[in-house]
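In: Provided below are the primary sequence and the corresponding predicted coordinates.
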Amino acid sequence: MAIGIDWGGTNIKGAVVDGANVRASASVDTRVDAGPAAVLDDIAALVKQLEAKPESVGIAIPGEVRDDGCCWRLPNVPGFEDVNIAGELEKRLGCPVGVENDATAAALAERLYGWGNTYRSFLLVTLGTGIGGGVVLDGHVRRGASGFAGEIGHVMVNSAPDAWECGCGKRGCMEAYAGKAGLLRRYSEFGLIAENVKQIAQAEGEASDAVFQQLGESLGTGLAQINNVLDLDAFVFTGGVSGSFERFEPHLRRALKARAFAPPLAELPLQLSKLGNQAGVIGAAHLPAGSGAGPGHEIQF
Ligand SMILES: [Zn+2]
């Protein structure tokens, strides 16, 4: 059976995947400062823990993959610039390995086994530490001319000179306001400290409400501009913060209405992923061997 690996900022999850079903899973901590060789050894060991002789492996990475199969860079894990992650793992595992951006891999899972059976064109929005996106157009999962399709976290939602700074180094990005750091910053404006968004979600009151208002408004502002371009069938949300969907949905819808060019562009369905937090490993397990690149810069499946 195929093994899917979902590489996150704090841990790396692995699963034995059969279609849309996860048969077994395991995880290992992400050793952020250990260097590429050690991290790749960890991933190979995780795969072998799940299956001694895997038929194929796919890995969803928190970064972008170029057409030549090399990683552009991993913003949160130093040392992976220009590393051919699939090739390195093939050497360690002796089986075909596919590699793709994590949100794009999750969009592949949604295309195959989730809302892709209802909607031909949608954007999968991942809400977590950062904001990611996977683009499905007319049934095709688009990875982009250079592997960057769906990097929606860096759509600008505030052009003021003093707009909040983003982890990417620019100011005013959607992620600067709707990502974890921006949400904790908003909470701190009320003199309160939280370590994660889950704590804020569990808290009641004005500060917690204001955080989810900021999340909904900044998402709606950015997503309205994306829908002005693409006129999608739906937005689909996944990632840990999507668990608080009902807290921010009204603000998201209101901002969409305020920013969309015409009313129908603000009325598209807003759905939660049908695959929950398994989309990453399921999508990864279905990646083609190699870089995932194919004709038209789409994932072949
Ligand atoms: Zn940014």
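Out: Happy to help now that I have it. Numbering: from 1, shown residues only.
In: residues from the protein in reach of the ion?
Out: 154, 166, 168, 170, 173 (C-beta under 5 Å from the ion). From N, CA and C alone the C-beta is placed, and that goes for glycine too.
In: redo that, cut-off 6 Å
Out: By C-beta under 6 Å from the ion, the residues of the chain that approach the ion are 154, 166, 168, 170, 173, 175.
In: Determine which two of those residues are furthest apart.
Out: The most widely separated members of these are Lys170 and Glu175, with 9.8 Å between them, by C-beta to C-beta.
In: which residues do these two both contact?
Out: By the contact definition C-beta atoms under 8 Å, 6 or more residues apart in numbering, Lys170 and Glu175 are jointly contacted by His154.
In: in the longest helix seen in the chain, what's buried?
Out: Looking across the chain with DSSP state H, the single longest helix is helix 206-230. For helix 206-230, burial by neighbour count (16 or more other C-beta atoms under 10 Å) applies to 207-208, 210-227.
In: cool, and stretch 12-23?
Out: 12-17, 20, 22.
In: First-to-last residue distance for it?
Out: Its first and final residues considered, stretch 12-23 spans 17 Å by C-alpha to C-alpha, to the nearest Å.
In: Could you identify the buried members of the residues of the chain next to the ion?
Out: 154, 166, 173, 175.
In: The last one: what's it in contact with?
Out: I take that to be Glu175. 130-131, 153-154, 166-168, 182.
In: so how far is Ala279 from it?
Out: From Glu175 over to Ala279 the distance is 19 Å, taken as C-beta to C-beta, to the nearest Å.
In: Check which helices and strands the helix or strand in which Glu88 is found sits against.
Out: Per DSSP states H and E: Glu88 is located in helix 85-93. Applying 3 or more C-beta pairs under 8 Å, 6 or more residues apart in numbering; DSSP states H and E, one finds that helix 85-93 contacts helix 36-50, strand 56-61, strand 97-101.
In: now the angle from the second one to helix 36-50?
Out: Strand 56-61 runs at 130 degrees relative to helix 36-50, counting by axes from the mean of the first three to the mean of the last three C-alpha atoms, to 10 degrees.
In: Report the inter-axis angle for strand 56-61 versus helix 85-93.
Out: 140 degrees.
In: How far off centre is strand 56-61?
Out: 14 Å (C-alpha atoms, centre = their mean, to the nearest Å).
In: same deal with the last one?
Out: Centre-to-centre, strand 97-101 and its host chain are 14 Å apart (C-alpha atoms, centre = their mean).
In: before we move on, back to that, most tightly surrounded among the helices and strands packed on helix 85-93?
Out: Greatest average neighbour count among these goes to strand 97-101 (a mean of 29), per mean count of other C-beta atoms under 10 Å.
In: pLDDT (mean, whole number) over it?
Out: Mean pLDDT, computed over strand 97-101, is 95.
In: which helices and strands sit right next to it?
Out: Using 3+ C-beta pairs under 8 Å, 6+ apart: strand 97-101 touches strand 56-61, helix 85-93, helix 279-285.
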